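1. fold the following and give me the result.
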Amino acid sequence: MGLLAIIRKQKMKDQEVRVLLLGLDSAGKTTIINNLMGKDPMKVSPTMGFQINTLPWKGYSLNIWDIGGQSSLRSFWGNYFDRLDVVVWVVDAVSTLKLEELYLELREKVIKQDQLQGTCFVVLVNKIDLVSENDRDAVASEIKKALLLEHELSATRYTIRAVLGYTGEGLPGAMDWIVENCGNLL
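-> Numbers count the residues shown, from 1 in each chain. Just a heads-up that it's a prediction; the model follows:
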């Protein structure tokens, strides 16, 4: 391989953002990925293990690992933390009864892990259409309060976004945040 090919390959690599998509089961992780990838977001079955997708976004190549959220798979999440740039944590907007479980899983299995120091975090509050228009701000505030991210992470290292996985509402803004805030850290 010639010097020019090595330089070109390194440049392409420098535009790569490694993303790990996590969350509890049935939060809508695969629906979100399917929408972003132009696949039918309504044809989804539970992820058993993981799926890898590469999404070109504004000059970057987002390599997204979609990991199953079943309780039996959560102990394996740490196997995917190596050389990560972003953790996208998907929350089901109507599962406010699971907020304590969300908090514990995010805190213990993700945020407190040494391998993730310096990693960006994106929280996607999915299925926002199932919450009445008047209650959306309250739900987002309740989730933000429950996750306590401001106590664990710098304000420049995370964002919380309301999205609708099956229509794509809010997803472009979240992807833009990733490349603008995490792509330049590579």
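2. CA atoms for contacts and neighbours, from now on please.
-> Will do.
3. contacts only, for the residue nearest to the spatial centre of the chain.
-> Against the mean C-alpha coordinate of the chain, by CA atoms, centre = their mean, the closest residue is Val88 at 1.5 Å. Taking CA atoms under 8 Å, 6 or more residues apart in numbering, we find Val88 in contact with 19-22, 121-124.
4. specify the local secondary structure of it.
-> For Val88, the assignment made with DSSP: H, G, I helix; E, B strand; the rest coil gives strand.
5. mind listing the strands for the chain?
-> For the chain, applying DSSP state E gives strands covering 16-23, 50-57, 60-67, 86-92, 120-126, 158-162.
6. average pLDDT for the fifth one?
-> When you say that, I think you mean strand 120-126. The average pLDDT within strand 120-126 is 93.
7. likewise stretch 84-99?
-> Mean predicted lDDT for stretch 84-99 stands at 87.
8. buried ones in it, by neighbour count?
-> 84-94, 99 (16 or more other CA atoms under 10 Å).
9. the chain: helices as residue ranges?
-> 3-14, 29-36, 99-106, 136-147, 149-152, 171-181 (DSSP state H).
10. please report how far Val139 lies from Lys145.
-> 10 Å (CA to CA, to the nearest Å).
11. ok, those two, which is more surrounded?
-> Val139 (19 against 13; other CA atoms under 10 Å).
12. name the surrounding residues that touch stretch 65-83.
-> So stretch 65-83 is contacted by 18-26, 29-30, 33, 46-53, 109-110, 115-116 (CA under 8 Å, 6+ apart).
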